[in-house]
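**Q** Provided below are the primary sequence and the corresponding predicted coordinates.
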Amino acid sequence: MTQPMSDDALIALAEHRFAQADRAGATHEDCRQLRDIFPAVLQRLREKVEITRDLVSIEYIDLRDQKAWERMAAAANKNEPDDQLQLALTHL
């Protein structure tokens, strides 16, 4: 892999290599090929994280402040779409 790859091409290759290494009857060569692409995937992830690092801001909330609790409750009860990614942690 000496030539640049698009994000989509790198993802597709990584998924393919993962599927090959994860299948029944996978060989050491399949695992080696997956391992060989992994540094490129990590580097691309680092680049994307660095680009987006300043796009996310975390609001400081003093949980000892009753007004802060009220603001959080009001925000949680709004039914307006806010275009924010929602994360749910559930037990599987």
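**A** Alright, I've got the coordinates.
**Q** helix or strand: which one has Asp8?
**A** helix 7-22 (DSSP states H and E).
**Q** quick one: name whatever helix or strand follows that helix.
**A** Next along from helix 7-22, by DSSP H and E: helix 28-52.
**Q** centre of the chain to that next one, how far?
**A** Once both centres are worked out by CA atoms, centre = their mean, to the nearest Å, helix 28-52 turns out to sit 13 Å from its chain's centre.
**Q** hang on, the earlier thing: between the helix holding Asp8 and helix 28-52, how many degrees?
**A** Here the directions of helix 7-22 and helix 28-52 differ by 150 degrees (axes from the mean of the first three to the mean of the last three CA atoms, to 10 degrees).
**Q** now helix 7-22: buried residues?
**A** Within helix 7-22, the residues that count as buried by 16 or more other CB atoms under 10 Å are 10, 13-14, 17-18, 21. (C-beta placed from N, C-alpha, C; glycine too.)
**Q** okay, now Asp36: neighbour count?
**A** 11 (other CB atoms under 10 Å).
**Q** show the contacting residues for the closest residue to Arg17 other than its chain neighbours.
**A** In this structure, Arg17 finds its nearest non-sequential neighbour in Leu34, 4.3 Å apart by CB to CB, 6 or more residues apart in numbering. By CB atoms under 8 Å, 6 or more residues apart in numbering, the residues touching Leu34 are 14, 17-18, 20-21.
**Q** and the gap between Leu34 and Leu45?
**A** 16 Å (CB to CB, to the nearest Å).
**Q** now do the residue lying farthest from the centre of the chain, the pLDDT please.
**A** Within the chain, the residue lying farthest from the chain centre (CA atoms, centre = their mean) is Gln66, at 33.6 Å. Gln66 carries a pLDDT score of 88 in this model.
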